[in-house]
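In: Model the structure of this input:
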Amino acid sequence: MATYDADLQAAVDATSVANDAGTTEDLVDYLREQLAERDIETSDDAWLERMVEGIKGDRNYLIDSEPDDFTPTRDKRD
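Out: Residues are numbered from 1 along each chain as shown. Below is the predicted model:
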């Protein structure tokens with residue numbers, strides 16, 4: 001089983017909560033904002049779209065990849 005950055009998953013989880021609550025219509029922008037709050041930037045729009053589609057299909061969506069341009073901001077051993 002692969003492991004992925006916890007901050008990416010937290011951003012996806014927060015976006016899922018917003019989707020469930022109906023607080024936003026543009027989930028891609030919301031996810032991008034959630035990533036920015038965690039000091040993560042990506043230009044991988046295809047990844048963002050896949051995550052949003054995953055969220056729409058499963059409120060407990062677990063990420064299955066990282067953006068192509070993702071660089072972890074902290075040591076994964078922390």
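
In: Leaving aside the residues adjacent along the chain, what's closest to Q9?
Out: Setting aside the residues directly before and after it, Q9 is nearest to I63 in space (C-beta to C-beta, 6 or more residues apart in numbering), at 5.5 Å. Heads up, the C-betas are built off the backbone N, CA and C, glycines and all.

In: show me the contacts for the closest residue to T24 other than its chain neighbours.
Out: Leaving aside its chain neighbours, T24 sits nearest to Y30 (4.5 Å; criterion: C-beta to C-beta, 6+ apart). The neighbours of Y30, taking C-beta atoms under 8 Å, 6 or more residues apart in numbering as the test, are 15, 18, 24.

In: Quick check, pLDDT for Y30.
Out: Here the pLDDT value assigned to Y30 is 98.

In: Flag the shaky bits of the protein, pLDDT-wise.
Out: Counting by pLDDT under 70, the low-confidence segments of the chain come to 1-2, 73-78.
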